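Undergrad: Need coordinates for the following:
(one chain, ligands or ions: 1)
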Amino acid sequence: MAKKQFKAESKRLLELMIHSIYTHKEIFLREIVSNASDALDKLAYLSLTDDKVGMSRSDFGIEIKLDQGARTITVTDNGIGMTKEELESNLGVIARSGSLQFKKEMEQSSSGENMDIIGQFGVGFYSAFMVSDEVTVTSRAYGSDEAWRWKSAGADGYTVEESRKDTVGTEIVMKLKEDTEEEQYGRFLDAHEISALVKKYSDYIRYPIRMEMVKHRRKDKAEGTAENAAPEWETYMETETLNSMVPIWQRPKSEVSDEEYRSFYKEKFMDYEDPAAVITVSAEGAVTYKALLFVPARAPFDFYTREFEKGLQLYSSGVLIMDKCPELLPDHFRFVRGVVDSQDLSLNISREMLQHTRGLKVISANLEKKIKAELRKLLENDRPGYERFWKAFGLQIKYGIAAEYGAHKDLLRDLLLFYSSAEEKYATLAEYVSRMKEDQKYIYYAAGDNVARLGKLPQTERLLEKGYEILYLTDEVDEFVVQILGKVEEKELKSVNDDNAVPESKEEQEKHDKQIEENRGLLDFVKETLGDKIKEARVSRKLKSHAVCMTADGPVSLEMEKYFRSLPDAAGEKLTAERVLELNPEHPAVEALRSAFETDREKAALYARVLYYQSLLMADLPIEDPAEYSRLVYELMK
Ligand SMILES: Nc1ncnc2c1ncn2[C@@H]1O[C@H](COP(=O)(O)OP(=O)(O)OP(=O)(O)O)[C@@H](O)[C@H]1O
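TA: Numbers count the residues shown, from 1 in each chain. The predicted structure follows:
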């Protein structure tokens, strides 16, 4: 029979498995058993809506058989099975999630020194090759009379041939490798070893995992045996269920260790980092359910893409109904992973119907509150942990505030962190407010690309000098968030660009009014020279060591304009900011402009243009005509 080749990337993964230097080879059993459990889930789910399956929950199970003579471990399930095509496509190429993730990680760590990663999350079926030199999979798919056998001795390919199997399901025979000095593969033929591995990794699997175990018992005394004769023992075989079948989320929190929660998370959701937070819920009342939720420590690579699917696993009395039920999670908490199990959702419910059940709404509203509370707890008790969370998912929280016209702002506001000028670290809005100076009316913010640049923005200088704290907003969505929030604890959020951002004394005000009066002609001239490039030229109230800065009037800020400009053309009309060029009349450069305005208008126009370009540069706005700008500078230097 012709051997078929594995796809290139599968082959590489397989080779890694075969030559794995990883010491926790024992995890192969967890992977094979969890695949069997998935297959049982699928058929159990089908049996809810399809009478033809003719099986009930108690009929499903997994069986493990050890054969010392043949050096084989056989794992059999009566789940959904695989057709010939499925055998080829599922076992011939790298499967989804876990294996792919694994492959990515391996590519990133080119030397393979990260081999420890292997055991931390699902590596799937291929892990069988860590301990076996031949794997045979015989399967009969539900609804089919045919059975097929897939066989492979490793990276050089596999065969698929017709076979026989009386019942629906899958049987996997792993022929163990010969023992070497480093590795005793033979230990996996020991029933006690296997039993311990099932307990360790697969205890919560909700189907019985059965195996024949050798047992010892005292023989009944034969008649006439002396009273004090030594008791006689006999051995016999008995099928034992190795796992407790109690899912971790059904166990009382006090009986589960943190380590158990963490390793459950890592195995189930294929992460190799511990979660940032674990949330357990046991609710009784309108809807009775248990939930076990996790906040991952970092965002999956596809988190901020359309491909990412949110949702929690939904079980109804222990039967998996849906792998990612989106209705259970609001968008702003879409990073949460976990499981919900409720006896109050009808088992016969179809997935479409499920979307409309009230029970789900109740659960989701409750979970939203719990997640919020847990994040607050993290913020209060473990600031570095929260800041790590914030780096991963803060953007999502901000989107949540900006979404739906601010419908969720009250829930999410006190989860926000912004970088602050005061302590050069993140601050919550409440922390900012608590530090506000007595005479301080506003919560100040500056928006731009990065903190370093914002700290040097001309218009922040006087505010900082007066000792006011400024929040530096560096995400595109930030200014939308600020607009939606409007006020925090009665304090208005104010851009440093705002014309009256800096509070003025009466004298300062009078001085300013006088400056406006004195410079009226000059301001008109600057506006005339620059034409449509600006809406207005204005005497600045906020500049100190700089001559000019660019700000904007109206609802569209300069940063928003940058954002709108970055959108694809299809995104509709581009909104532009109403630009205002602010001049500092006390600055020598502006004084030079003023005297040129009085004596040499051509020179004054040159100065005005140069200052305009300077303001664009400092605001990190594009210079429309860099060549012209350069020519102006040459002109100045003449
Ligand atoms: N016992 C089984 N019964 C039915 N199908 C199975 C069985 N074992 C494996 N499969 C099929 O083979 C596919 C590949 O399995 P594999 O373990 O490599 O990846 P996976 O389970 O999809 O993801 P992971 O990498 O997370 O384990 C499975 O998705 C499933 O469709």
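Undergrad: Give me the residue ranges of the stretch 301-450 of the chain where confidence is low.
TA: Within the stretch 301-450 of the chain, the stretches falling below the threshold (pLDDT under 70) are 346-356.
Undergrad: Strands of that one, residue ranges please.
TA: When assigned using DSSP state E, counting those that start in this stretch, the strands of the stretch 301-450 of the chain occupy the ranges 312-316, 319-325, 337-342, 418-420, 425-427, 442-447.
Undergrad: Indicate which one of those strands is closest to residue 163.
TA: Each of the strands of the stretch 301-450 of the chain has some distance to residue 163 by C-beta to C-beta; the shortest is strand 319-325, at 28.7 Å. (Each C-beta comes from the backbone N, C-alpha and C, glycine too.)
Undergrad: Quick one: list the elements packing against the closest one.
TA: Counting contacts by 3 or more C-beta pairs under 8 Å, 6 or more residues apart in numbering; DSSP states H and E, strand 319-325 is packed against helix 27-49, strand 312-316, helix 351-354.
Undergrad: how about a cut-off of 10 Å?
TA: Taking 3 or more C-beta pairs under 10 Å, 6 or more residues apart in numbering; DSSP states H and E as the contact definition, the neighbouring helices and strands of strand 319-325 are helix 27-49, strand 312-316, strand 337-342, helix 351-354, helix 358-381.
Undergrad: Need the contact partners of stretch 502-510.
TA: 439-442, 444, 459, 461-463, 465-466, 468, 496, 500, 511-512, 540-544 (C-beta atoms under 10 Å, 6 or more residues apart in numbering).
Undergrad: oh, I was asking about stretch 621-631
TA: Residues outside stretch 621-631 that contact it (C-beta under 10 Å, 6+ apart) are 533, 550, 558-559, 561-562, 565, 577, 579, 606, 609-610, 612-617, 632.
Undergrad: which of those residues are buried?
TA: Buried members of the contacts of stretch 621-631, scored by 16 or more other C-beta atoms under 10 Å, are 550, 558-559, 561-562, 577, 579, 606, 609-610, 612-616, 632.
Undergrad: List buried members of the contacts of stretch 502-510 by neighbour count.
TA: When burial is judged by neighbour count using 16+ other C-beta under 10 Å, the buried members of these are 440, 442, 444, 459, 461-463, 468, 496, 540-544.
Undergrad: Assumed residue 226 was part of a strand.
TA: No. Note on residue 226: no strand contains this position according to DSSP: H, G, I helix; E, B strand; the rest coil, which reports coil.
Undergrad: From the ligand, how far out is it?
TA: Counting by C-beta to the nearest ligand atom, to the nearest Å, the gap from residue 226 to the ligand is 55 Å.
Undergrad: Count the neighbours of that residue for me.
TA: Counted by other C-beta atoms under 10 Å, the residues lying close to residue 226 total 7.
Undergrad: Please apply the same query to residue 167.
TA: Residue neighbour count, defined by other C-beta under 10 Å, stands at 10 for residue 167.
Undergrad: list the contacts for it?
TA: Under the criterion of C-beta under 10 Å, 6+ apart, the neighbours of residue 167 are 76, 78, 81, 140, 147.
Undergrad: Report the beta-bridge partners for the fourth one.
TA: In this structure, residue 140 has the following beta-bridge partners (DSSP bridges): residue 169.
Undergrad: Residue 170 is in contact with that one, correct?
TA: Yes. Contact between residue 140 and residue 170 holds when scored by C-beta atoms under 10 Å: they sit 8.0 Å apart.
Undergrad: intersection of neighbour lists for these two?
TA: Residues within reach of residue 140 and of residue 170 at once, by C-beta under 10 Å, 6+ apart, are 78, 81, 82, 147.
Undergrad: Now for the closest residue to the first one other than its chain neighbours: which residues touch it?
TA: Looking back up the chat, that one is residue 78. On the basis of C-beta to C-beta, 6 or more residues apart in numbering, the spatially nearest residue to residue 78 that is not a chain neighbour turns out to be residue 169, at 3.9 Å. Neighbour list for residue 169: 36, 39-40, 43, 60-63, 76-82, 138-142, 147 [criterion: C-beta under 10 Å, 6+ apart].
Undergrad: From these, list the ones also adjacent to the ligand.
TA: The subset of the contacts of residue 169 within reach of the ligand, by C-beta under 6 Å from any ligand atom, is 36, 39, 77, 79, 80, 81, 82.
Undergrad: Kindly reformat those as CSV containing distance to residue 344 and neighbour count.
TA: Below are those laid out as CSV (distance: C-beta to C-beta, whole Å; neighbours: other C-beta atoms under 10 Å):
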residue, distance to residue 344, neighbour count
36, 29, 28
39, 27, 24
77, 29, 27
79, 26, 26
80, 27, 23
81, 32, 26
82, 34, 25
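Undergrad: Now distance to residue 16 too, for these, in TSV please.
TA: Conversion of those to TSV gives the following (distance: C-beta to C-beta, whole Å):
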residue	distance to residue 16
36	23
39	25
77	26
79	28
80	29
81	28
82	24
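Undergrad: quick check, nearest of these to the ligand?
TA: Checking these against the ligand with C-beta to the nearest ligand atom, the nearest one is residue 39 at 3.2 Å.
Undergrad: Tell me the confidence at the residue of the chain most remote from its centre?
TA: For the chain, the C-alpha farthest from the mean C-alpha position belongs to residue 224; by C-alpha atoms, centre = their mean, that distance is 73.5 Å. Reported pLDDT at residue 224 in the predicted model: 75.
Undergrad: ok, so what distance separates it from residue 234?
TA: Using C-beta to C-beta, to the nearest Å, we find residue 224 at a distance of 19 Å from residue 234.
Undergrad: And the residue of the stretch 201-350 of the chain found nearest the ligand, how close does it get to residue 337?
TA: Closest approach between the stretch 201-350 of the chain and the ligand, counting by C-beta to the nearest ligand atom: residue 270, at 6.1 Å. The span separating residue 270 from residue 337 equals 10 Å under the rule C-beta to C-beta.
Undergrad: Find residues that contact each of those two.
TA: Jointly contacting residue 270 and residue 337 under the rule C-beta under 10 Å, 6+ apart are residue 300.
Undergrad: Neighbour count for those two, which is higher?
TA: Neighbour totals were compared for residue 270 and residue 337, and residue 337 leads with 23 against 20 (other C-beta under 10 Å).
Undergrad: surely the more buried one meets residue 309?
TA: No. Applying C-beta under 10 Å as the test, residue 337 and residue 309 come out as separate, 11.3 Å apart.
Undergrad: Pull up the overlap in contacts between these two.
TA: Overlap of the contact sets of residue 337 and residue 309 (by C-beta under 10 Å, 6+ apart) consists of residue 324.
Undergrad: Give me the three-state assignment for residue 597.
TA: Three-state secondary structure (criterion: three-state DSSP) places residue 597 in helix.
Undergrad: low-scoring stretches of the protein, by residue?
TA: Judged by pLDDT under 70, the stretches of the chain that qualify are 9, 17-23, 92-123, 346-356, 569-573.
Undergrad: Residue 275: which of the strands of the stretch 301-450 of the chain is closest?
TA: Nearest of the strands of the stretch 301-450 of the chain to residue 275, taken as C-beta to C-beta: strand 337-342 at 7.9 Å.
Undergrad: Do any residues in that closest one lie close to the ligand?
TA: No. If you take C-beta under 6 Å from any ligand atom as the test, strand 337-342 misses the ligand, and the best it gets is 13.9 Å.
Undergrad: Alpha carbons of that strand, as PDB, please.
TA: What follows is strand 337-342, C-alpha atoms only, in PDB (Å, rounded to 0.1, in the frame of the first residue of the first chain):
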ATOM      1  CA  ARG A 337     -11.900  32.400  28.900                       C
ATOM      2  CA  GLY A 338     -13.800  29.800  30.900                       C
ATOM      3  CA  VAL A 339     -16.700  27.500  31.500                       C
ATOM      4  CA  VAL A 340     -20.300  27.900  32.500                       C
ATOM      5  CA  ASP A 341     -22.300  24.900  33.500                       C
ATOM      6  CA  SER A 342     -26.000  25.200  34.300                       C
END
